[in-house]
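how does the following fold in three dimensions:
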Amino acid sequence: MGEVESAVEQEPYVITIDYTRCSGCRVCELACSLSHYQECSSNLSRIRLVEVTVAGVVAAAPTLCQNCCDPPCEKICPTGATRRDPESNLMTVAEELCIGCKGCVHGCPFGATAINPYRDAAFRCDQCGGFPVCVEVCPENVLSYWPLSVVSNRLRRKRKKMSANFSLPAPTVL
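Numbers count the residues shown, from 1 in each chain. Coordinates of the predicted model:
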C-alpha cells in the first residue's frame, strides 16, 4: 500500500451538526444508549440534546465531544483517565483510572462529557468505532459524518466568502 492510500485511510472523521434542522426528537440519544448499553436512556447517551433559547425561541441543540486540540478535560483530570487515543485521535476515558470526580464534566465547554450512573466513571462520544449510530438514525439528517479535511475545506471556503463580502468603514478623522 502506498503512502497516499495509507494517509487517506487514517484521516480522522468528525460528526457535524446542522442545528437548524433539529426537531428535538431525541432519537439520537436513545439510539446511542441502546447501542452502547442495550438500554434506552438519555442518561446513558454519549450525545446530549440541550435546549437553547435564541431571541426568545427555544430550540434543541445536539452536543457531543468536539475532540478539542487543547482539551480542558484532559488538563483537569487528576488521574490521566481522560486522554487522546493515539490511533483514533479521539478523546477517551480509561474507566479503570476514572475516579468519578467530575472535573472533566465541569471542564468541558460543550457539556459533552457525562458520568455513567452505573459505573461512576466519565464517558463521551466514541463515534461508535467509526460508524456513529446517531448519524444513521437521525430522521432530520441533523448529524453527518465527514472526513476532517472535507469539513475544514468547507469552513475555509465559507470564511473566505464571508470576508469577501465584509468591508470595514473608512476611518474618520477627528
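
which residues touch the longest helix belonging to the chain?
Counting residues, the longest helix in the chain under DSSP state H turns out to be helix 148-164. By C-beta atoms under 8 Å, 6 or more residues apart in numbering, the list of residues contacting helix 148-164 from outside reads Glu11, Pro12, Tyr13, Val14, Thr16. Placement of C-beta: from N, CA and C, glycine included.

and the residues you listed, which are buried?
Tyr13, Val14 (16 or more other C-beta atoms under 10 Å).

re the thing from before, pLDDT (mean, whole number) over the longest helix of the chain?
For helix 148-164, mean pLDDT is 77.

neighbours of Cys138, just the number please.
23 (other C-beta atoms under 10 Å).

let me fix that, I meant to ask about Cys69.
6.

state the distance from it to Ala81.
20 Å (C-beta to C-beta, to the nearest Å).

now swap in Gly129 and tell me
20 Å.

and the two? Which one has more around it.
Ala81 (22 against 8).

show the end-to-end separation of stretch 76-84, please.
14 Å (C-alpha to C-alpha, to the nearest Å).

for that stretch, buried residues please.
Residues of stretch 76-84 classed as buried: Ile76, Cys77, Ala81, Thr82 (neighbour count, 16+ other C-beta under 10 Å).

I'd like the mean pLDDT over that stretch, please.
Mean predicted confidence for stretch 76-84 is 96.

gap between that stretch and the chain center?
A distance of 18 Å separates the centroid of the chain from that of stretch 76-84, by C-alpha atoms, centre = their mean, to the nearest Å.

now Asn141: which helix or strand?
Assigning secondary structure by DSSP states H and E places Asn141 outside every helix and strand.

which parts of the chain are strands?
13-17, 48-54, 57-63, 82-84, 91-93, 114-116, 121-123, 143-147 (DSSP state E).

give the other helices and strands that the fifth one contacts.
If contacts are counted by 3 or more C-beta pairs under 8 Å, 6 or more residues apart in numbering; DSSP states H and E, strand 91-93 sits against strand 82-84, strand 121-123.

run me through the strand neighbours of it, direction for each.
strand 82-84 (antiparallel) (DSSP bridges).
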